[in-house]
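# Kindly return the folded structure for what I paste below:
(chains A, B, C and D)
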There are 4 protein chains.
Amino acid sequence: METTTKIEVRYPDCDRMGIVHHAVYPIWYEMARMDFFEAMGFSFADMNALGVNPAMVDLHLQYAATATYPQTLTIRTRMGEYAPKKLELLYETYAEGSDKPINTCRSFHIWTGPDNRSYNMEENLPEVYAKIKAAAGS
Amino acid sequence: METTTKIEVRYPDCDRMGIVHHAVYPIWYEMARMDFFEAMGFSFADMNALGVNPAMVDLHLQYAATATYPQTLTIRTRMGEYAPKKLELLYETYAEGSDKPINTCRSFHIWTGPDNRSYNMEENLPEVYAKIKAAAGS
Amino acid sequence: METTTKIEVRYPDCDRMGIVHHAVYPIWYEMARMDFFEAMGFSFADMNALGVNPAMVDLHLQYAATATYPQTLTIRTRMGEYAPKKLELLYETYAEGSDKPINTCRSFHIWTGPDNRSYNMEENLPEVYAKIKAAAGS
Amino acid sequence: METTTKIEVRYPDCDRMGIVHHAVYPIWYEMARMDFFEAMGFSFADMNALGVNPAMVDLHLQYAATATYPQTLTIRTRMGEYAPKKLELLYETYAEGSDKPINTCRSFHIWTGPDNRSYNMEENLPEVYAKIKAAAGS
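As a prediction, this is how the structure comes out:
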């Protein structure tokens, strides 16, 4: 499974040099992550209702090229590794008409439960874990 | 050389779960980076005047614990590896009264010049390169 | 002339109380303003190319109701008063299925030119001033 | 009573024209508001503990001059009108060495209680209402 998220660069996303500020990408990747989870059948709204959260523990971005306003970008998101208590997502951002990503990202998450502690998705929400497996293509 | 940057968590830095949103840390690390370069004797204002920029190419954050409002944090910044055309910075964020970082970061930069292309700091600005060397303690 | 701008509330737009932070609306209204100018035939990209800018001098927002994530909002934008050197825009933000705005805004702008000083649009860019007139329905 | 809040302009606060983006001021005024309430003896942390909130209903900003990075600004905050269920705050932002504000703001708030409905501060928290009166100098 791969989801795509359209990003319209906003004027205030750009710094004084006219390029998208590097701190904007994590916000876009969060939007992409939400699209991914929604397409997988376990949306952020579902998570909120259950008190479950993919807590961010590691975020790694690589900046290959810049973007500017006005420009439309596409983020492609897919699952990386996963286990009952954790999850990795992989993202690539593309400018229109190019097949070489301008930015790539890897986010690593620990599932937390209503008590804010580590949460075993396979044991607690096996139907969601099945969706994760399916999304990972395994 | 190590610089310290005080961060006062702002209310809007926190998400709906009451913790600092993960996308806020890159902004704080940029503030820490500016303090570091200023202490080193080559401030962002100096860079702007010369058209030189430490372009972000890689940003890696690790989230060990959360922060909230109101809270005062301290970021400690030091140099990692460096070479004539590139530079690595290492950061650690501490809550008050703790010696275990809640967040750590590594940013990797390529020097770019007025033409927005790779820039050899040692050849073009040897006095700045000497400051980088001194800051790295080598 | 009236333009509509679709806004998808993002998770980080919400504060700890789960509602869109009040400081997010000015960013949305800027997006609405860009859509309006583009529809009018004088986009921000056109302005940048000419060094012309609608400098913000007055911004007035009224918060009638709150919004949250996930929610889709619509901003309706129209021209208010205008003169050769200035321009007023009026905005209303609607939740889906409601005809009562949750938020309204008025922004007042002074045209500035390449020298960053006041700029007479009617004298300098009469074809743009004609578009402003047409958009105002006058 | 008047409080002062020091603001260090951050690099990402500036837009592509090198000036502080207009949408940044509401965030700074919120910081100023927190300082004001804390000095008054009823901090945001106190409010959170009681479920009380000064809900924003009207925000009016006037932009007289611009600011840039690096620059230190000072916001002076004082009370405007108040009543048992509402409160107005007035703010002025100054650049160093100038006695003419670059930006002024007026925010108008309705007190809400734990049920998210209008809250009579005089009846429910008379000791806080006395502090509001004292802060207003009346």
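
# When you work out contacts or count neighbours from here on, use the C-alpha atoms and nothing else.
Will do.

# Flag every buried residue along the lowest-mean-pLDDT helix or strand in chain A.
Between all helices and strands in chain A, the lowest mean by mean pLDDT, DSSP states H and E belongs to helix A:44-50, at a mean of 92. Going by neighbour count (16 or more other CA atoms under 10 Å in any protein chain shown), the buried part of helix A:44-50 is A:F44.

# Quick check: the gap between A:M121 and D:A95.
Distance, A:M121 to D:A95, using CA to CA, to the nearest Å: 53 Å.

# got the residues of chain A near chain D?
Residues of chain A lying close to chain D by CA under 8 Å from any CA of the partner chain are A:Y11, A:P12, A:C14, A:D15, A:R16, A:M17, A:G18, A:I19, A:H21.

# Looking at those residues, which are in helices?
Among the residues of chain A next to chain D, none falls in helices (DSSP state H).

# Using PyMOL, make a named selection holding only the buried ones among those residues.
Restricted to buried positions by 16+ other CA under 10 Å, the PyMOL selection for the residues of chain A next to chain D reads:
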select buried, chain A and resi 11+12+14+15+16+18+19+21
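
# Between the residues of chain A next to chain D, which sits nearest C:L89?
Using CA to CA, A:Y11 is the member of the residues of chain A next to chain D that lies nearest C:L89, at 17.9 Å.

# isn't the closest one right next to A:Y69, touching?
Yes: counting by CA atoms under 8 Å, A:Y11 touches A:Y69, with 5.6 Å between them.

# picking up where we left off before, can you tell me which of the residues of chain A next to chain D comes closest to D:L87?
Comparing these against D:L87 with CA to CA places A:P12 closest, at 31.1 Å.

# ok, which stretches of chain A are strands?
Secondary structure of chain A (DSSP state E): strands at A:2-8, A:53-63, A:72-83, A:86-95, A:103-112.

# wait, which of those is closest to B:M47?
So among these, strand A:53-63 is nearest, using CA to CA, at 20.4 Å.

# Can you give me the buried ones in the closest one?
Neighbour counts over strand A:53-63 (16+ other CA under 10 Å) mark A:N53, A:P54, A:A55, A:M56, A:V57, A:D58, A:L59, A:H60, A:L61, A:Q62, A:Y63 as buried.

# Same question for stretch A:96-112.
So, applying 16+ other CA under 10 Å, buried residues of stretch A:96-112: A:P101, A:I102, A:N103, A:T104, A:C105, A:R106, A:S107, A:F108, A:H109, A:I110, A:W111, A:T112.

# Same question for stretch A:113-120.
A:G113, A:S118, A:Y119, A:N120.

# Stretch A:122-130 too?
Within stretch A:122-130, judged by 16+ other CA under 10 Å, the buried ones are A:Y129.

# From the opening residue of that stretch to its closing one, how far?
End-to-end distance for stretch A:122-130, by CA to CA: 8 Å.

# could the strands of chain A be laid out in TSV, adding mean pLDDT?
TSV is the format used below for the strands of chain A (pLDDT from 0 to 100):
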stretch	mean pLDDT
strand A:2-8	95
strand A:53-63	97
strand A:72-83	97
strand A:86-95	98
strand A:103-112	98
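
# Would you tell me whether the helix ranked longest in chain A gets close to chain B?
The helix spanning the most residues in chain A, taking DSSP H as the definition, is helix A:25-40. Yes: Helix A:25-40 reaches chain B (CA under 8 Å from any CA) through A:P26, A:I27.

# That helix to strand A:103-112, inter-axis angle?
Counting by axes from the mean of the first three to the mean of the last three CA atoms, to 10 degrees, helix A:25-40 lies at 60 degrees to strand A:103-112.

# Need the contact partners of helix A:25-40.
Taking contacts as CA atoms under 8 Å, 6 or more residues apart in numbering or on different chains, the residues outside helix A:25-40 that touch it are A:2-5, A:7, A:43-44, A:75-78, A:89, A:91, A:105, A:131-132, A:135, B:22-23, C:10-12.

# again, only using 7 Å
A:T3, A:T5, A:S43, A:F44, A:I75, A:T77, A:K131, A:A135, B:A23 (CA atoms under 7 Å, 6 or more residues apart in numbering or on different chains).

# Buried ones among the residues you listed?
Neighbour-count burial (16+ other CA under 10 Å) applied to these gives A:T3, A:T5, A:S43, A:F44, A:I75, A:T77, A:A135, B:A23.

# out of the buried residues of strand A:53-63, who's nearest A:K85?
A:P54 (9.4 Å).

# For that closest one, list the residues it contacts.
Applying CA under 7 Å, 6+ apart, the residues near A:P54 are A:H109, A:I110, A:W111, A:T112.

# now, which of these sits nearest chain B?
A:H109 (9.9 Å; CA to the nearest CA).

# what's the distance between the closest one and chain D?
Note on A:H109: its distance to chain D, by CA to the nearest CA, to the nearest Å, is 27 Å.

# and if you look at A:G80?
Distance from A:G80 to chain D, counting by CA to the nearest CA: 32 Å.

# what does A:L50 give?
From A:L50 over to chain D the distance is 22 Å, taken as CA to the nearest CA.

# so how far is A:G41 from that residue?
For A:L50, the distance to A:G41 - CA to CA - is 14 Å.

# same question, A:M34
11 Å.

# of those two, who's got more company?
Neighbour count, other CA atoms under 10 Å in any protein chain shown: between A:M34 and A:G41, A:M34 has more, with 19 against 14.

# And the residue of chain A closest to chain D?
A:R16 (3.7 Å).

# ok, and the closest non-adjacent residue to that residue?
Nearest residue to A:R16, sequence neighbours excluded (CA to CA, 6 or more residues apart in numbering or on different chains): D:R16, at 3.7 Å.

# and that neighbour, what does it touch?
By CA under 7 Å, 6+ apart, D:R16 lies in contact with A:C14, A:D15, A:R16, A:M17, A:G18.

# Please apply the same query to A:A95.
A:T72, A:L73, A:T74, A:I102 are the contacts of A:A95 under CA under 7 Å, 6+ apart.

# Quick one, which of these are buried?
Taking 16+ other CA under 10 Å as the criterion, what is buried in those is A:L73, A:T74, A:I102.

# Out of these, flag the one nearest to chain B.
Of these, the one sitting nearest to chain B (CA to the nearest CA) turns out to be A:I102, at 10.6 Å.

# Thank you, goodbye.
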